[in-house]
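Engineer: Fold the stuff below for me.
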Amino acid sequence: MANFWDDRYSAEEYIFGKEPNVFFKSVIDTLKPGKILVPAAGEGRDAVYAATLGWDVYAVDQSITGKEKAERLAAERGVSIHYTVQSIAETDLSDGTFDAVALIYFHLPPPLRQELHRRLPSALRPNGTVMIEAFTPRQIGNTSGGPTEPERLLTKEILMSELGTLKINQCEEVTTILAEGTGHAGTANVVRFIGKRAHS
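Structural biologist: Sure thing, here's the model as predicted:
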């Protein structure tokens, strides 16, 4: 999978654009800056945007090419991010030091996804936020991007079940228009989730 993304990110253009995901921006703009984890950070659009707001950003991805482009974008915007090339399975989520975790179009096989969702609450400080935007099964047939394997796609029922230990502030499936580079362009069916860790 790392080779797949290295190939996709090898183009000079930023395939998902340089601007943050609209949902991610709408959530993070309302939060007090702290420490954020951005898995599947790719070319860095969300991670770099968070850094411009004053967040201490920890990005994770398996693509070395993605890291290089993210660091280039960070330099362009006059900020810095911590970017580690590894899988999320190798990432320590046990220390409860993150004020936010952003899973934006991170489509894992079900066993890996379920394990990640199980570990997520322990990564958060009290009142820490998890934000997710992902394609739903209705995305199959659209031309705006996303996995072709149905089992990688998410529904609000899956998220409410697997992240039910969080206080869920939002969990809805919507139809939207994506304009995120050439990689995500056109009508899309997505699920959006905001959850918070309890105070204690």
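Engineer: Report pLDDT for residue 1.
Structural biologist: We have a pLDDT of 61 for residue 1.
Engineer: Residues contacting stretch 12-32, please?
Structural biologist: Residues from elsewhere that reach stretch 12-32, judged by Cβ atoms under 8 Å, 6 or more residues apart in numbering: 8-9, 36, 42-43, 45-46, 48-50, 53, 55, 69, 73, 99-100, 102, 104-105, 129, 131, 133, 176, 179-184, 190, 192, 194. Backbone N, C-alpha and C define where each C-beta goes, glycine included.
Engineer: Residue 116 sits in which helix or strand?
Structural biologist: helix 110-123 (DSSP states H and E).
Engineer: Could I get the average pLDDT for that helix?
Structural biologist: The model assigns helix 110-123 a mean pLDDT of 96.
Engineer: Quick check: buried residues in stretch 142-160?
Structural biologist: Using 16 or more other Cβ atoms under 10 Å as the test for burial, stretch 142-160 gives 144, 145, 146, 147, 152, 153, 154, 156, 158, 159.
Engineer: any chance of these in TSV, with secondary structure too?
Structural biologist: Converted to TSV, the buried residues of stretch 142-160 look like this (DSSP: H, G, I helix; E, B strand; the rest coil):
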residue	secondary structure
144	coil
145	coil
146	coil
147	coil
152	helix
153	coil
154	coil
156	helix
158	helix
159	helix
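Engineer: related to what we said a few turns ago, now for the helix holding residue 116, which elements pack on it?
Structural biologist: strand 98-104, helix 156-162 (3 or more Cβ pairs under 8 Å, 6 or more residues apart in numbering; DSSP states H and E).
Engineer: In CSV, list those along with distance to residue 115.
Structural biologist: What follows is the helices and strands packed on helix 110-123, written out as CSV (distance: least, Cβ to Cβ, whole Å):
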stretch, distance to residue 115
strand 98-104, 13
helix 156-162, 10
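Engineer: following the helix or strand of the chain with the lowest mean pLDDT, which helix or strand shows up next?
Structural biologist: Using mean pLDDT, DSSP states H and E, the weakest-scoring helix or strand in the chain turns out to be helix 2-8, at a mean of 79. Downstream of helix 2-8, the first helix or strand assigned by DSSP H and E is helix 22-28.
Engineer: Mind checking which of the contacts of stretch 12-32 are buried?
Structural biologist: Counted by 16+ other Cβ under 10 Å, these give 8-9, 36, 42-43, 45-46, 48-50, 53, 55, 69, 73, 99-100, 102, 104-105, 129, 131, 133, 180-181, 183-184, 190, 192, 194 as buried.
Engineer: thinking again about what came up before, let me know which of the helices and strands packed on helix 110-123 is the nearest to residue 172.
Structural biologist: helix 156-162 (6.2 Å; Cβ to Cβ).
Engineer: residues in contact with the nearest residue to residue 42 once chain neighbours are set aside?
Structural biologist: The shortest distance from residue 42 to any non-neighbouring residue, by Cβ to Cβ, 6 or more residues apart in numbering, is to residue 66 (4.8 Å). Contacts were defined as Cβ under 8 Å, 6+ apart; by that measure residue 66 touches 5, 6, 9, 41, 42, 43, 44.
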